[in-house]
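S.K.: next input, structure requested:
(one chain, ligands or ions: 2)
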Amino acid sequence: MRILGIESSCDETAAAIVENGKYLLSNVVASSLDLHIQYGGVVPEIAARSHIEVILPVIQQALDDAGCNWGAIDGIAVTYGAGLGGSLLIGVMTARTLAIAHHKPLYASNHVAGHIYANFLTATSLPGYKMPPRQPAFPMLAIVVSGGHSQLVLFRNHFDYSLLGQTHDDAIGEAFDKVAKMLGLPYPGGPAIAEAAKKGNPNAFTLPKAKMGKYDFSFSGLKTAVLRLAQAQINESYAFPSTKLSERLSEAQKANIAASFQRVAIETVVDKTKLAYQEFRPQSVVIAGGVAASSELRQQLADSLPLTLYYPDVKLCTDNGAMIATLGCFQAMLSQPEADPYTLDIKPNLSM
Ligand code: KG4
Ligand code: ZN
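M.R.: Numbers count the residues shown, from 1 in each chain. Ligands and ions are numbered 1, 2, ... in the order given. Have a look, this model is predicted:
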């Protein structure tokens, strides 16, 4: 079973080909990130326009890299939600058209589930990928931590899962991005905070952890606490604008704030994961989404769980087509319903 996966939910235009839900044949990602950096975040109209420009060459590159022609492809999987409406539309319309033109079954894939399925890739002949030797076993606890999502999901089997909890406000990646902005660090904030934190003391400051339902998260209070802390560091009141903070904070203060924020944000996720592990005793724990690239998260989780942790190669943590192609393989192999190429619509607010 060889599936072409297409992903365009945010600022990455991506396509990949995966065989049998485990073997990565090609993985092409074109990002419009450079165009968004000057605005400090993704601009939906710019993202949609660059998807239009590059999506066909990206798909062709994915076919070429895999040494496949259309005859070698068994189906097309496309992200239909969640994501930015204009961005999703380009991927979905392209996939629908290609499915009709080349007579291929079409599968509508959930972006968040896709992030989780990146953990099922175990082999590739492409250079520079680190993959686990085997696929995670069920029951599987998935920790989804990205720019748009913070969720704990318990999978009893493929396509049989329960959402244990999720964030009530900001996603964890969003908190990284906003705190980075306050500290004058570039977008995306996750890697920038991680870099700054290396020079700081993670215990320099105490920051609050939100008291939420057992498996739920909240990161907006933490973000505000960081703002108040930064204002206090330069002896200013809460009225001091966040956009002017970075000019006044010293490099040492920034590093300490970054390190303390990173520790607390990640501890929040690790605490809930430990609770879920104790309650459900899963056979495997996987992390997924952009923040799964965080070495601090990987380390803290590895230190606190008595089993091997699964995480995708860093290149497969942020948005990519391989995760959608992998999920698409399982949709096809396990006879999940096909999408109608004449009517498939986007679902910008799709949840797990
Ligand atoms: O999964 P993703 O590419 O997009 C969404 O579906 O949201 O995640 C992007 C998020 C951004 O918020 C970025 O700051 C965060 O992932 N991120 C990280 C790291 N690398 C990316 N967060 C913490 N540490 C990192 N090393
Ligand atoms: Zn994502």
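S.K.: going by C-alpha atoms from here, please, whenever you check contacts or count neighbours.
M.R.: Fine.
S.K.: quick one, helices of the stretch 51-200 of the chain?
M.R.: 85-101, 111-117, 172-182, 189-197 (DSSP state H, counting those that start in this stretch).
S.K.: got a pLDDT number for the closest residue to Asp340 other than its chain neighbours?
M.R.: Closest residue to Asp340 in three dimensions, ignoring its sequence neighbours and counting by Cα to Cα, 6 or more residues apart in numbering: Leu106, at 7.1 Å. Looking at Leu106, its pLDDT reads 98.
S.K.: quick check, Leu106 in contact with Tyr342.
M.R.: No - if you go by Cα atoms under 8 Å, Leu106 and Tyr342 don't touch, sitting 10.3 Å apart.
S.K.: neighbour count winner among these two?
M.R.: Leu106 (26 against 11; other Cα atoms under 10 Å).
S.K.: and the more buried one, what does it touch?
M.R.: Counting by Cα atoms under 8 Å, 6 or more residues apart in numbering, Leu106 touches Gly75, Ile76, Ala77, Val78, Ala95, Arg96, Ala99, Glu338, Ala339, Asp340, Pro341.
S.K.: where does the stretch 201-350 of the chain come near ligand 1, residue by residue?
M.R.: With Cα under 6 Å from any ligand atom as the criterion, the stretch 201-350 of the chain meets ligand 1 at residues Gly289, Gly290, Val291, Ala293, Ser294, Thr318, Asp319.
S.K.: export those to CSV and tack on secondary structure, distance to Asn235 and pLDDT?
M.R.: What follows is these, written out as CSV (DSSP: H, G, I helix; E, B strand; the rest coil; distance: Cα to Cα, whole Å; pLDDT from 0 to 100):
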residue, secondary structure, distance to Asn235, pLDDT
Gly289, coil, 37, 94
Gly290, helix, 35, 93
Val291, helix, 32, 96
Ala293, helix, 35, 94
Ser294, coil, 32, 96
Thr318, coil, 38, 93
Asp319, coil, 40, 95
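S.K.: lowest-pLDDT helix or strand in the chain?
M.R.: helix 33-37 (a mean of 81; mean pLDDT, DSSP states H and E).
S.K.: which other residues reach it?
M.R.: Asp11, Glu12, Val42, Val43, Ile46, Pro186, Tyr187.
S.K.: does the fifth one count as helix, strand or coil?
M.R.: Per DSSP: H, G, I helix; E, B strand; the rest coil, the local secondary structure of Ile46 is helix.
S.K.: what comes up buried for whichever strand or helix holds Ala302?
M.R.: In the assignment (DSSP states H and E), Ala302 maps to helix 295-304. By 16 or more other Cα atoms under 10 Å, the buried positions in helix 295-304 come out as Glu296, Leu297, Arg298, Gln300, Leu301.
S.K.: give the other helices and strands that the very next helix or strand once past it contacts.
M.R.: Using DSSP H and E, the helix or strand that follows helix 295-304 towards the C-terminus is strand 309-310. Helices and strands touching strand 309-310, by 3 or more Cα pairs under 8 Å, 6 or more residues apart in numbering; DSSP states H and E, are strand 284-288.
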